[in-house]
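Student: Give the three-dimensional model of this entry:
(one chain, ligands or ions: 1)
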Amino acid sequence: MSKKRILITRRLPEAVEARARAAYDVVQHADDRQMGIDEVLETAKSVDALLITLNEKCRKDVIDRMPENIKIISTFSIGFDHLDLEACKARGIAVGNAPHGVTVATAEIAMLLLLGSARRASEGEHMIRTRSWPGWAPLQLVGQRLDGKKLGIYGFGKIGQALAQRARGFDMEIHYYDIYRQPADKGKGAIYHETLDSLLSVSQFFSINAPSTPETRYFFNKDVIAKLPQGAIVVNTARGDLVNDEDMIAALKSGRLAYAGLDVFAGEPKIHEGYYDLPNTFLFPHLGSAAIEARNQMGFEALDNIDAAFAGKDMPFKLA
Ligand code: DGY
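Tutor: From the prediction side, this is the model:
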């Protein structure tokens, strides 16, 4: 029996590609060049399924143009804000994501952002790299410790909980707000807040771990910032479009916020110009899941969806 053909829009870790090639005829750019959406749609005509990434924005207009033969889309990401699920459902396209592989890796990056922001890591590194370190001094780049501080986690799903576990190891006091209250065993002593306002009022450190949805998009604005303690530190490893960049930048400039550690940005990779010269930021290029263990698992989860769909079963990580 001839193999099914699948389009994989980017190069993936070796182990993932090996599994994909063993099962399928893989169509892919060997040089990892980003495919434009028109190229994806054109290539889609000659394959049986798509394995895409968060870079391929499949909004309604794109899904409406998807060739009839495409009934399976699996995304190499936990996030699915780049996919219009309603439009997929309407076209009878089964969609799945990769929800588990990212958890620990993303929580680690959130922890790194918390530490790097509290201890002013980017300013220190800048001093070294620009050969401008005058030598040790008692008041040089003095930050603050994490222990005993209150960490407010907005979005207490798997990643939020994994961050809480790590932050407990640094003796932080964990607070959270989520539309779902976790049972005590999952909360592990984390203090639940009934409202976001209540969480904000205690959050000396505030971590954004919620998905991008119409309800959360741009929620982090000047009104929200005004409810945080003076000099709070904010980290975001979720999605950039949860943040109003103008308001965040103004608060960092005025000192209302002491520091921001950001791994994700609205409009990536063209981030808001205002961030480039702000010293009190610790900025990463969307590294959350960039650990080989995570990327392998993400790939396997994405392939599990495709395998199941071809076998006529429900995708294990079905979204639509
Ligand atoms: C995801 O999987 O959605 C992450 O943002 C990738 O790092």
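
Student: where in the stretch 51-200 of the chain is pLDDT low?
Tutor: Within the stretch 51-200 of the chain, no range satisfies pLDDT under 70.

Student: Any residues of it in contact with the ligand? List them.
Tutor: By the rule C-beta under 6 Å from any ligand atom, the part of the stretch 51-200 of the chain lying against the ligand is 54, 77, 78, 79, 102. Using the backbone N, CA and C atoms, a C-beta is placed for each residue, glycine as well.

Student: contacting residues around the closest residue to residue 236 other than its chain neighbours?
Tutor: Nearest residue to residue 236 in three dimensions, chain neighbours excluded: residue 208, at 4.2 Å (C-beta to C-beta, 6 or more residues apart in numbering). By C-beta atoms under 8 Å, 6 or more residues apart in numbering, the contact set of residue 208 is 154, 155, 220, 234, 235, 236, 237, 238, 242, 243.

Student: distance of the second one from residue 309?
Tutor: This points to residue 155. 29 Å (C-beta to C-beta, to the nearest Å).

Student: Skipping adjacent residues, who's closest to the residue most central in space within the chain in space?
Tutor: The chain has residue 238 as the residue nearest its centroid, 3.8 Å off, counting by C-alpha atoms, centre = their mean. Nearest non-adjacent residue to residue 238, counting by C-beta to C-beta, 6+ apart: residue 208, 4.9 Å away.

Student: Just give the number of residues close to residue 295.
Tutor: Other residues near residue 295 number 20, with proximity taken as other C-beta atoms under 10 Å.

Student: Could you report the separation of it from the ligand?
Tutor: Distance of residue 295 to the ligand, computed by C-beta to the nearest ligand atom, to the nearest Å: 9 Å.

Student: Which residue ranges of the stretch 201-320 of the chain form helices?
Tutor: Using DSSP state H, counting those that start in this stretch, the helices found in the stretch 201-320 of the chain span residues 222-226, 245-254, 292-310.

Student: Throw those into a markdown table and include mean pLDDT, thanks.
Tutor: Below are those laid out as a markdown table (pLDDT from 0 to 100):
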| stretch | mean pLDDT |
| --- | --- |
| helix 222-226 | 98 |
| helix 245-254 | 98 |
| helix 292-310 | 99 |
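
Student: before we move on, back to that, quick one, what contacts the residue nearest to the centre of the chain?
Tutor: 155, 159, 208, 209, 210, 211, 212, 264.

Student: Next: residue 176.
Tutor: Residue 176 neighbours (C-beta under 8 Å, 6+ apart): 152-154, 156, 160, 164, 182, 187, 190-193, 199.

Student: What's the ChimeraX syntax to select whichever of these are buried?
Tutor: Here is the ChimeraX selection string for the buried members of the contacts of residue 176, based on 16 or more other C-beta atoms under 10 Å:
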select :152,153,154,156,160,164,182,187,190,192,193,199
